[in-house]
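J.: return a 3D structure for these sequence lines:
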Amino acid sequence: MNFLDNIILDNTVKNYLYVLAIVFVTIVLKKYFSRYIASLLFKVVNSIWKNLNKNSFVDLVIEPIGWFLIVSITVFAIDKLNFPTALQFAIYGQPSENIIEKIGAAIIIIAFTILMLRIIDFIALVMEQKAATTKEKGDDQLVFFLRDFLKVLVVILSFLFLLKACFNQPVGTLLTSLSIVGAAIALAAKESLENLIASFIIFFDKPFTTGDTLTVNAVKGKVEKIGLRSTRIRTVERTLVTVPNKQMVDSVVDNLTMRNQRRAEIKLTLLDKPKSEKIKNLVEAIKTKLKNYQENILSSTVSLTSINKDGVEITIEYFTPSFSKIEFDILKEKINFEILTLLEL
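T.: Numbers count the residues shown, from 1 in each chain. Predicted structure coming up:
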């Protein structure tokens, strides 16, 4: 008898070699097959969004395509072999052959899900680049929101298909069961659902967007990300604070980025109680100094606001355009030094 015709575990050596050869060729040619399939997928994607970067797309999806090919072809090749009688047993009434088939199907579904998630990442990257060319900050927020939402949707659908393929459960029955279970989960995860709903409110109402500087619940900082559950804020101390979206909706949010002016206030307390004429001259001198900054100061007031036993108080208030904090601090410093010079006279 030819060696290749020897039977081992109900299969000939020739059949085992065929399977090994198929798997080996797939591994060796994985890179070429993956790149070819990636190019075909790119043509489909590029027909929807024009002028895309092909190299970025291929680099992003080539690895999950390769693993999907290896897993799929390996599972299909092994499936052509006869299942060994020696390995046949049952677990809770389920034959071992069926269990292994279900595991193979589950691996294929998981590999395909990972591929879909990578494609979503690329689509989000393209949308993010296009959004960066517009002045509307809501476009950037929309990209992150849709990316997270689509990923959650793909994972849920993959999970349903996994249950269908591995446990032979009708999707309609699964959805009915999930609706009942979902009601129970909704009661147990009330806060999470409220945060999810709040994320939709933030997206459509747009009280703030990614990149805005705001104050909420004594937390002041820059919004880095608005997710489905929470909003992340980078504080002045460079710490990262995570605030549930429900709190962002229910709380008073002071959006500092959306202000159209900046306000500065200085209170001068003169302890030696100078004569009224000297106070009038000082007030007029300060007003004159502020007028020298007409390009940077939109309006200003200088007045004697308080008289008490300790002295008199002069209040200086002025408004500037919505400068950056650094520009505003530089202007304040210049004005403060000029006021100090007047007090030294």
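J.: contacts only, for residue 8.
T.: Contact criterion CB atoms under 8 Å, 6 or more residues apart in numbering gives residue 16 as the residues in contact with residue 8. The way it works is simple: take the backbone N, C-alpha and C, and place the C-beta from them, glycine included.
J.: for it, grab phi and psi.
T.: The phi and psi torsions at residue 8 (degrees, to the nearest 10) take the values phi -130, psi 120.
J.: from residue 75, how far off is it?
T.: Counting by CB to CB, to the nearest Å, the gap from residue 8 to residue 75 is 21 Å.
J.: and the closest residue in space to residue 235 that isn't next to it in sequence, which of the three is it?
T.: When the adjacent residues along the chain are set aside, residue 235 lies closest to residue 221, with 3.9 Å between them (CB to CB, 6 or more residues apart in numbering). Secondary structure state of residue 221, per DSSP: H, G, I helix; E, B strand; the rest coil, is strand.
J.: quick check: beta-bridge partners of residue 221?
T.: Beta-bridge pairing of residue 221, defined through DSSP bridges, involves residue 214, residue 235.
J.: I figured it hits residue 241, correct?
T.: Yes. Between residue 221 and residue 241 there is a contact under CB atoms under 8 Å: 6.6 Å.
J.: what do those two both touch?
T.: 233-235.
J.: and these, which are buried?
T.: Neighbour-count burial within the shared contacts of residue 221 and residue 241 applies to residue 233; the criterion is 16 or more other CB atoms under 10 Å.
J.: can you lay out the shared contacts of residue 221 and residue 241 as TSV showing pLDDT?
T.: TSV is the format used below for the shared contacts of residue 221 and residue 241 (pLDDT from 0 to 100):
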residue	pLDDT
233	92
234	93
235	91
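J.: any chance of JSON lines for the shared contacts of residue 221 and residue 241, columns distance to residue 53?
T.: Supplementary listing: those in JSON lines, determined by distance: CB to CB, whole Å:
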{"residue": "233", "distance to residue 53": "32"}
{"residue": "234", "distance to residue 53": "29"}
{"residue": "235", "distance to residue 53": "35"}
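J.: would you mind finding the longest helix in the protein?
T.: With DSSP state H setting the assignment, residue counts place helix 96-132 as the longest helix in the chain.
J.: and it, how far from the chain's centre?
T.: Going by CA atoms, centre = their mean, to the nearest Å, the spacing between the C-alpha centre of helix 96-132 and its chain's C-alpha centre is 19 Å.
J.: who are the packing partners of that helix?
T.: In terms of contacts (3 or more CB pairs under 8 Å, 6 or more residues apart in numbering; DSSP states H and E), helix 96-132 is packed against helix 30-48, helix 54-79, helix 137-167.
J.: nearest to residue 288, of these?
T.: With respect to residue 288, and counting by CB to CB, the nearest of these is helix 137-167 at 40.6 Å.
J.: tell me what angle that closest one forms with helix 96-132.
T.: Orientation of helix 137-167 against helix 96-132 (axes from the mean of the first three to the mean of the last three CA atoms, to 10 degrees) gives an angle of 170 degrees.
J.: buried sites along helix 137-167?
T.: Of the residues in helix 137-167, those buried under the neighbour-count criterion (16+ other CB under 10 Å) are 137, 139-145, 147-151, 154, 158, 161-164, 166.
J.: swap in stretch 21-36?
T.: Buried residues in stretch 21-36, counted by 16+ other CB under 10 Å: 22, 26, 30, 33-34.
J.: rewinding a little: buried set for the longest helix of the chain?
T.: 101-102, 104-105, 107-109, 111-120, 122-127, 131.
J.: can you check stretch 216-229 too?
T.: Neighbour-count burial for stretch 216-229 flags 216, 220-223, 226, 228-229 (criterion: 16+ other CB under 10 Å).
J.: on that earlier part again, pLDDT score for the residue nearest to residue 235?
T.: The score at residue 221 is 92. That number is its pLDDT.
J.: and the helix or strand residue 199 falls within, C-alpha only, in PDB?
T.: Per DSSP states H and E, residue 199 falls inside helix 190-205. Coordinates of each C-alpha in helix 190-205 appear next as PDB, following Å, rounded to 0.1, in the frame of the first residue of the first chain:
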ATOM      1  CA  LYS A 190     -30.900  53.000  33.800                       C
ATOM      2  CA  GLU A 191     -28.000  55.400  34.200                       C
ATOM      3  CA  SER A 192     -26.100  54.000  31.200                       C
ATOM      4  CA  LEU A 193     -29.200  54.500  29.000                       C
ATOM      5  CA  GLU A 194     -29.700  58.000  30.300                       C
ATOM      6  CA  ASN A 195     -26.100  58.800  29.400                       C
ATOM      7  CA  LEU A 196     -26.700  57.400  25.900                       C
ATOM      8  CA  ILE A 197     -29.800  59.500  25.400                       C
ATOM      9  CA  ALA A 198     -27.900  62.500  26.700                       C
ATOM     10  CA  SER A 199     -25.200  61.900  24.100                       C
ATOM     11  CA  PHE A 200     -27.900  62.300  21.300                       C
ATOM     12  CA  ILE A 201     -29.100  65.500  23.000                       C
ATOM     13  CA  ILE A 202     -25.600  66.900  23.100                       C
ATOM     14  CA  PHE A 203     -25.100  66.000  19.400                       C
ATOM     15  CA  PHE A 204     -28.300  67.600  18.100                       C
ATOM     16  CA  ASP A 205     -28.500  70.500  20.500                       C
END
